[in-house]
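K.L.:
sequence unavailable; structure follows:
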């Protein structure tokens with residue numbers, strides 16, 4: 001396994017630059033800085049709650065919404081895997097993405113064990129559970145699999161265990177030309193400085209980050225990793241700067257918008273300036289998680305806001 005070269009070779013091969021969807025003649029010759037992809041979690045209510053969207057039709061729905069690249073979420077396929085084998089499901093997704101001319105970027109993997117556990121057997125078990133998603137990502141021609149670093153609260157132990165788990169998983173993924181990327185996703189991983197330290201110490205070309213504009217809550221009042229009022233939050237802009245040197249994907253998180261179309265909790269211009277500051281050349285993945293708009297409307301509002309600063 002080659003050590004980190006900071007040339008982001010794999011990411012650059014999968015990045016895209018698309019023409020701007022401007023609203024005036026003066027915008028017709030402008031080229032977007034970043035391609036815009038759709039994270040499947042933006043549609044999780046339609047898939048899980050309303051059941052109006054089959055996750056196998058994610059590529060088709062994304063095409064209808066004007067996207068050319070997508071990011072899958074593993075947990076949304078659990079009902080499918082009760083009926084199909086992982087091989088059958090993968091073939092179906094490959095065919096769908098080809099039919100609708102969609103580029104597959106990555107798979108976000110959740111609930112497959114604790115890669116940061118102080119129990120080595122737990123780490124090994126988690127690695128085994130992640131393997132099928134890495135193999136699936138390779139067949140889909142994705143560039144990355146996003147993982148979580150959970151299983152230990154004590155910071156020093158978490159760092160040590162995370163380095164161990166990520167190293168083993170990344171070495172396996174390297175055989176498939178797949179990156180292992182970590183998102184700031186609750187708990188210790190939402191401390192940008194600490195997560196960056198872990199990635200730096202893993203020091204493998206195919207191990208990096210997926211900085212998310214909004215997931216910087218380290219501790220919630222109800223002790224949940226993902227839901228509930230935040231008690232301790234890391235500065236989101238500082239966190240982005242911590243994580244961007246290792247970024248192989250970026251999540252443009254959004255929650256709500258004001259009457260002018262601006263996100264009410266995140267300064268998108270500031271975020272995109274930070275992304276540009278580190279010469280990122282991949283996609284910005286839209287991940288709408290709000291409740292005041294439909295998922296489709298939230299996606300469209302996020303897309304327009306990105307386009308505002310994307311040329």
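P.N.:
Thanks, I have it. Treat the numbers as computed from the prediction; the structure is a model and nothing was measured.
K.L.:
now the one helix or strand residue 131 maps to: buried residues?
P.N.:
Using DSSP states H and E, residue 131 sits within helix 120-139. Within helix 120-139, the residues that qualify as buried are 122-123, 125-127, 130-138, counting by 16 or more other C-beta atoms under 10 Å. Quick note: C-beta positions are derived from backbone N, CA and C, even for glycine.
K.L.:
now do stretch 161-180
P.N.:
Across stretch 161-180, burial judged by 16+ other C-beta under 10 Å covers 161-174, 176, 178-180.
K.L.:
could I get the full set of strands for the stretch 151-300 of the chain?
P.N.:
179-183, 207-210, 217-220, 230-233, 250-254, 283-288 (DSSP state E, counting those that start in this stretch).
K.L.:
take the buried residues of helix 120-139 and lay them out in CSV including distance to residue 227 and pLDDT.
P.N.:
As requested, these are exported to CSV (distance: C-beta to C-beta, whole Å; pLDDT from 0 to 100):
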residue, distance to residue 227, pLDDT
122, 24, 98
123, 26, 99
125, 26, 99
126, 22, 99
127, 27, 99
130, 24, 99
131, 29, 99
132, 27, 98
133, 24, 99
134, 28, 99
135, 31, 99
136, 28, 99
137, 27, 99
138, 32, 99
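K.L.:
return the member of these nearest to residue 252.
P.N.:
Closest to residue 252 out of the buried residues of helix 120-139 is residue 137 (21.1 Å), distances taken as C-beta to C-beta.
K.L.:
you'd agree the closest one is up against residue 145?
P.N.:
Yes: using C-beta atoms under 8 Å, residue 137 is in contact with residue 145, at 5.0 Å.
K.L.:
quick check: neighbours shared by these two?
P.N.:
Residues touching both residue 137 and residue 145 (C-beta atoms under 8 Å, 6 or more residues apart in numbering) are 106, 107, 178.
K.L.:
surely the second one meets residue 143?
P.N.:
No: because the distance of 10.4 Å does not satisfy C-beta under 8 Å, residue 107 is recorded as not touching residue 143.
K.L.:
neighbours of residue 300, how many?
P.N.:
By other C-beta atoms under 10 Å, 16 other residues sit near residue 300.
K.L.:
roughly how far apart are it and residue 73?
P.N.:
Using C-beta to C-beta, to the nearest Å, residue 300 is found at 20 Å from residue 73.
K.L.:
same question for residue 238.
P.N.:
The gap separating residue 238 from residue 73 is 27 Å, by C-beta to C-beta.
K.L.:
who's more crowded, those two?
P.N.:
More crowded of residue 238 and residue 73, by other C-beta under 10 Å: residue 73, with 22 against 13.
K.L.:
beta partners for that one?
P.N.:
Per DSSP bridges, the residues bridged to residue 73 are residue 108.
K.L.:
who's in contact with it?
P.N.:
Each residue near residue 73 by C-beta under 8 Å, 6+ apart is listed here: 39, 40, 41, 44, 107, 108, 110.
K.L.:
among the residues you listed, name the ones in strands.
P.N.:
Those of the contacts of residue 73 mapping onto strands are 39, 107, 108, per DSSP state E.
K.L.:
any chance of those in TSV, plus distance to residue 287 and neighbour count?
P.N.:
Listed next are these as TSV, based on distance: C-beta to C-beta, whole Å; neighbours: other C-beta atoms under 10 Å:
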residue	distance to residue 287	neighbour count
39	4	28
107	14	24
108	9	27
